[in-house]
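# Here you go, sequence then predicted model.
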Amino acid sequence: MEVFKIAESFVSINGEGKKAGRLSMFIRLRGCNLNCSYCDTKWAISKKGEADLMTAAEVAQMVKESEADLVTLTGGEPLLDENISELIGSILSLPKTELEIETNGSIPIRPWRERDARFSMTMDYKLPSSGMEESMYLENMEELKPWDVVKFVIGTREDLEKAKEVIERFSLCEKAIVYFSPVFGAIPPDEIVEFMKEHRMNKVRFQIQIHKVVWNPERKGV
Ligand SMILES: C[S@@+](CC[C@H](N)C(=O)[O-])C[C@H]1O[C@@H](n2cnc3c(N)ncnc32)[C@H](O)[C@@H]1O
Ligand SMILES: Nc1nc2[nH]cc(C(=O)O)c2c(=O)[nH]1
Ligand code: SF4
Ligand SMILES: [Mg+2]
């Protein structure tokens, strides 16, 4: 039986993506293949460090007991785990539980093609200021479903220009739900809105991480 390295799990309001504002059970897996300049979860990048070792069945039982009807599988990078399909299957075996996966855009999402409104991806495109853009797996752009999210986390004016270019190159607004979100505290949020207005980006949605406003932005487990 495979075990998963759960760095933390908690119920909170979802601060990001199309389900923002709803209660969700967060399951954060340890380990990431990238090292984004702005990462707010650097402590979970290493595979080593404190973690609960849980089987897929135990995670599903925890979700069931929490009575949450939404699960956010995040990290670290959840799709790095070679047994992640087992965990996804266990969570989806709970009737009516919705599942979203936060993924960094560097790992193929194709193995999880059978997604529907109950099972969606929230995929980043890492922009220049992250320092990780060359790791993007661009074939993923052809695997998006209308209920998936593509998120551009923006730290600079150069990031804005690049996000616009990528949206146009892959017709992203026709394929999925597109979000712009500031690197928290790094760029005046109104600069992003002005850019959206200037370029008539009518299909792009703007978002600020809600949990960073509700709690101290440094706080873990919220
Ligand atoms: C911590 S990551 C984990 C999932 C996956 N590794 C990824 O990057 O999508 C979850 C989300 O938080 C975002 N994020 C991390 N640090 C941030 C920051 N300082 N400001 C805004 N968003 C941030 C990431 O871009 C990603 O969309
Ligand atoms: N409240 C809250 N919402 C979130 N949505 C995505 C998160 C993540 O770290 O992936 C996150 C998080 O860490 N906290
Ligand atoms: S990919 Fe996600 S978890 Fe990994 S360093 Fe970047 S933001 Fe952090
Ligand atoms: Mg987070």
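Everything's here; your move. Owing to the predicted nature of the structure, the values given are computational and were not obtained by experimental measurement. Ligands and ions are numbered 1, 2, ... in the order given.
# Are there helices or strands packed against the longest strand seen in the chain, and which ones?
Secondary structure of the chain per DSSP state E: the longest strand is strand 4-13. Packed against strand 4-13 by the contact rule (3 or more Cβ pairs under 8 Å, 6 or more residues apart in numbering; DSSP states H and E) you find strand 23-29, strand 52-54, helix 56-66, helix 210-214. Where you see a C-beta, it was placed from the backbone N, CA and C, and this is true even at glycine.
# Same list (these) but as TSV, adding distance to ligand 2.
Below are the helices and strands packed on strand 4-13 laid out as TSV (distance: least, Cβ to the nearest ligand atom, whole Å):
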stretch	distance to ligand 2
strand 23-29	6
strand 52-54	17
helix 56-66	15
helix 210-214	3
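# Just say which of those is most tucked in.
strand 23-29 (a mean of 22; mean count of other Cβ atoms under 10 Å).
# can you pull the contacts of the residue most central in space within the chain?
Per Cα atoms, centre = their mean, the C-alpha nearest to the average position across the chain is that of residue 102, at 2.5 Å. By Cβ atoms under 8 Å, 6 or more residues apart in numbering, the contact set of residue 102 is 16, 17, 72, 73, 74, 75, 78, 122, 124.
# before we move on, the earlier item: residue 135 is nearest to which of the helices and strands packed on strand 4-13?
Nearest to residue 135 among those is strand 23-29 (18.2 Å), distances taken as Cβ to Cβ.
# what's the model's confidence in that closest one, averaged?
Mean pLDDT, computed over strand 23-29, is 98.
# Quick check: can you name the pairing partners of it and their directions?
Strand 23-29 has these partner strands in its sheet, going by DSSP bridges: strand 4-13 (antiparallel), strand 70-74 (parallel).
# what angle separates the longest one from helix 56-66?
What that stands for is strand 4-13. Angle of strand 4-13 versus helix 56-66, following axes from the mean of the first three to the mean of the last three Cα atoms, to 10 degrees, is 20 degrees.
# Need the CA coordinates for strand 4-13. PDB is fine.
Extracted in PDB, the C-alpha atoms of strand 4-13 (Å, rounded to 0.1, in the frame of the first residue of the first chain):
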ATOM      1  CA  PHE A   4       1.600   9.800   0.700                       C
ATOM      2  CA  LYS A   5       3.600  12.500   2.400                       C
ATOM      3  CA  ILE A   6       1.100  15.000   3.600                       C
ATOM      4  CA  ALA A   7       2.800  18.200   4.700                       C
ATOM      5  CA  GLU A   8      -0.400  19.600   6.100                       C
ATOM      6  CA  SER A   9      -4.100  19.200   5.900                       C
ATOM      7  CA  PHE A  10      -6.800  21.600   7.000                       C
ATOM      8  CA  VAL A  11     -10.200  23.000   6.300                       C
ATOM      9  CA  SER A  12     -10.300  26.700   5.300                       C
ATOM     10  CA  ILE A  13     -12.000  28.900   2.900                       C
END
